[in-house]
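**Q** I need the structure of the sequence given here:
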Amino acid sequence: MEINLACELLDIKSDELKEFSIIDSFNSSNELRGFICRRADHRYGALVIFSVNDEPCEQIIYATPKLHYPFDKNGEYHWPECRDVKYYEKLDGTNILAYHYEYRGDDFVTFKTRLTPVVKDIGFGMFESMLREYLDETPWVRGAIEENPSMNLSFELFGSRNPITVRYDVPLAMCLLFGVRRTDGAGRPPSELRLPINAMLPFFAYSGNGGDHTVRYNEFRAQMSEKNGAGQDESFVTEGMVMYANTGEPSWRMFKCKPEEIEKIHWSASGSIPRIALMTTALNVFEDKESPSIDDFIELLKEEYPQSMI
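**A** Have a look, this model is predicted:
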């Protein structure tokens, strides 16, 4: 059975996969069929495509990984051995992955959100329409894809027309976050990619390999809290940063670096899930499904919260 093979290829359980059969919005002559992975790690959102237009075409598509904190819930830090670290701003919008797949010897490029095989317009969010509008107006995105053929590229589509937690002044924007190597899913920060002229990147905050990682990490958290005014009115100007740690091959490791007020949205000490976290999760579930059920909502909550809190 194909699902058993998909489990073997990704080394996961069958209940962590969801089957799909869908027309590629950006290559409308192609129908993709396979499975998408929900395991909340480096395989998050990965695709196993078994056929294109009903022709066998087995391939793994690595996607935007699920990022984690460098510390556990007891506050203990666990740093890898690393040669270099870099910090970039973490943007708050809809993640868009530009990915490649092969069919009849040709290379096709299309786009997906975190837990969909192909980006689509849905009743709640016009993600495909906003993406097409941005691509038509700003050619640098396709230029970045062409310059990095060995990578799937992770972007963030954000702005006041696509509001989540942070409120942006710009109506619609898109930044290149990082690359995902097609062969094994290894991550690469923007500094390791070939960038076309006018490429839009997140704010670059730091690069270096000296000092105490924990001290620097918490200095950035404090600076971001100051920008957010400690989140007193739940109005945020920054969601955080992403720390890239160069551990050598096969990959750079990525860690979330969020100010305390943003962390509290996800890690509540009261035993209940904060209202703003429920609203953010609801927005995210509508990115993935046109008509999500309460079960879909709960499934997404399970990625961040224990069953007892849910």
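**Q** for the stretch 151-300 of the chain, give me the ranges with low pLDDT.
**A** With pLDDT under 70 as the threshold, the stretch 151-300 of the chain has low-confidence stretches at 230-235, 265-271.
**Q** which stretches in it count as strands?
**A** 151-158, 173-181, 187-188, 204-208, 241-246, 252-257 (DSSP state E, counting those that start in this stretch).
**Q** got CSV for these, with distance to Leu115 and mean neighbour count too?
**A** Every residue, glycine included, has its C-beta placed from N, CA and C. Below are the strands of the stretch 151-300 of the chain laid out as CSV (distance: least, CB to CB, whole Å; neighbours: other CB atoms under 10 Å):
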stretch, distance to Leu115, mean neighbour count
strand 151-158, 14, 24
strand 173-181, 16, 22
strand 187-188, 19, 22
strand 204-208, 29, 13
strand 241-246, 20, 23
strand 252-257, 18, 22
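**Q** so which of those strands comes closest to Thr165?
**A** Proximity to Thr165 (CB to CB) singles out strand 151-158 among the strands of the stretch 151-300 of the chain, at 10.6 Å.
**Q** show residues contacting that closest one.
**A** Contact partners of strand 151-158, identified using CB atoms under 8 Å, 6 or more residues apart in numbering, comprise 61-64, 91-100, 127, 130-131, 134, 141, 144-145, 164, 166, 168, 172-182, 188, 193, 202.
**Q** stretch 177-193 too?
**A** 42-43, 46, 61-65, 86, 88, 91, 95, 97, 99-100, 144, 147-148, 150-156, 176, 201-202, 204, 207, 242, 244, 249-254.
**Q** before we move on, what about stretch 241-254?
**A** Contacts for stretch 241-254 (CB under 8 Å, 6+ apart): 65, 67, 70, 79-90, 177-178, 181, 184-189, 192, 202, 205, 217, 220, 224, 255-258.
**Q** now, those residues that are in helices?
**A** With helices defined by DSSP state H, the entries of those inside them are 217, 220, 224.
**Q** who wins for most neighbours among those residues?
**A** Met224 (24 neighbours; other CB atoms under 10 Å).
**Q** what's the closest non-adjacent residue to it?
**A** Excluding the flanking residues, the one nearest Met224 by CB to CB, 6 or more residues apart in numbering is Pro259, at 3.9 Å.
**Q** go on, Arg142?
**A** Counting by CB to CB, 6+ apart, Arg142 lies nearest to Leu135, which is 6.6 Å off, once chain neighbours are set aside.
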